[in-house]
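Novice: below is the structure, and that's it, no one-letter string:
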């Protein structure tokens, strides 16, 4: 006798009463595999969104030496961001494929948070798997975990104080404890989502802008729309909309 299939839990609507978002992910293309349509929705609402790539994805194309892949992947990310209304794209330049969670990674991300002073920080899925099946990549896990801690670090003036203004510091920044929540897109433990029905086409075009990377993976028959629709339709059913992007939400709790 077959076991009954567990019904997915409904998703709650994200709180969109914010103005500034910082997206921090490991590689160019990470945001486009699930979050770009949501970003297009938010920039269309007049919200400010900035991208920060911890690496330049230089180890992502087997046929290209990293020195050749780096500028190509950076340009594809800049072009992809513009499709969804994002003009600020930063690359931290850490080595692709060998990121490690720890103080050093927390430090560089905390500096970015302190510079941008966002209300919401968005990162990628950092759970062990995608949907309980495919294993996640090590860089994704390291960055997502570091983002959570770096957001807390950014609000503590005694953590990485060399970044801050003060008598014993050489930095020019102020601590920033104004991040309300961190959102991890594509998490198998997602509890919230946002309707991407009207912005879905922009999300597809944003992924298609990574053509050299997709070709480099040998995905000759890859269809960006078909790929993105699978998750978007499933998430939309749980949200009550045709299409949606799912997120795991972590409340930071500053000031409460």
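Specialist: Cool, the structure landed. Source: prediction; values computed, not measured.

Novice: residue ranges with poor pLDDT in this structure?
Specialist: By pLDDT under 70, the low-scoring segments of the chain are 1-6, 167-169, 254-256.

Novice: what ranges do the strands span in it?
Specialist: 12-13, 20-25, 48-53, 88-91, 120-124, 129-130, 134-135, 181-185, 192-195, 244-251 (DSSP state E).

Novice: please convert these to TSV, extending it with mean neighbour count.
Specialist: C-betas here are computed from N, CA, C, even on glycine. As requested, the strands of the chain are exported to TSV (neighbours: other CB atoms under 10 Å):
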stretch	mean neighbour count
strand 12-13	14
strand 20-25	25
strand 48-53	22
strand 88-91	16
strand 120-124	27
strand 129-130	14
strand 134-135	8
strand 181-185	24
strand 192-195	23
strand 244-251	23
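
Novice: out of those strands, which gets nearest to residue 210?
Specialist: When these are compared by CB to CB, strand 48-53 sits nearest residue 210, at 12.3 Å.

Novice: the closest one - contacts with which helices or strands?
Specialist: Judged by 3 or more CB pairs under 8 Å, 6 or more residues apart in numbering; DSSP states H and E, strand 48-53 is in contact with strand 20-25, helix 36-44, helix 66-83, strand 88-91, helix 103-116.

Novice: any idea which residue is closest to the centre of the protein?
Specialist: Against the mean C-alpha coordinate of the chain, by CA atoms, centre = their mean, the closest residue is residue 123 at 3.3 Å.

Novice: I'd like the distance between the nearest residue to it once chain neighbours are set aside and residue 156.
Specialist: Nearest residue to residue 123 in three dimensions, chain neighbours excluded: residue 147, at 4.4 Å (CB to CB, 6 or more residues apart in numbering). The spacing between residue 147 and residue 156, counted by CB to CB, to the nearest Å, is 15 Å.

Novice: those two: who's more crowded?
Specialist: residue 147 (30 against 13; other CB atoms under 10 Å).

Novice: wait, the more buried one touches residue 182, no?
Specialist: Yes - in this structure residue 147 lies within contact range of residue 182 using CB atoms under 8 Å: 6.2 Å.

Novice: need the overlap of contacts for these two.
Specialist: 121, 123 (CB atoms under 8 Å, 6 or more residues apart in numbering).

Novice: returning to what we had before: please tell me how far the residue nearest to residue 123 sits from residue 120.
Specialist: 12 Å.

Novice: likewise for residue 15?
Specialist: Counting by CB to CB, the gap from residue 15 to residue 120 is 9 Å.

Novice: what residues are shared contacts of those two?
Specialist: residue 181.

Novice: who touches stretch 26-36?
Specialist: Contacts for stretch 26-36 (CB under 8 Å, 6+ apart): 23, 25, 39, 51, 53-57, 60, 73-74, 76-77, 80, 83-84, 96, 99, 122, 124, 137, 139-140, 142-143, 185-186, 202-203, 206-207, 209-210, 213, 228, 231, 245.

Novice: for residue 210, list the residues it contacts.
Specialist: Residue 210 neighbours (CB under 8 Å, 6+ apart): 28, 29, 32, 73, 76, 77, 80.

Novice: make CSV out of these and add distance to residue 220 and neighbour count.
Specialist: Below are the contacts of residue 210 laid out as CSV (distance: CB to CB, whole Å; neighbours: other CB atoms under 10 Å):
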residue, distance to residue 220, neighbour count
28, 21, 31
29, 17, 23
32, 19, 28
73, 19, 29
76, 18, 20
77, 22, 27
80, 20, 25
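
Novice: which members of these are the farthest-apart pair?
Specialist: For the contacts of residue 210, and using CB to CB, no pair is farther apart than 32 and 73, which are 11.9 Å apart.
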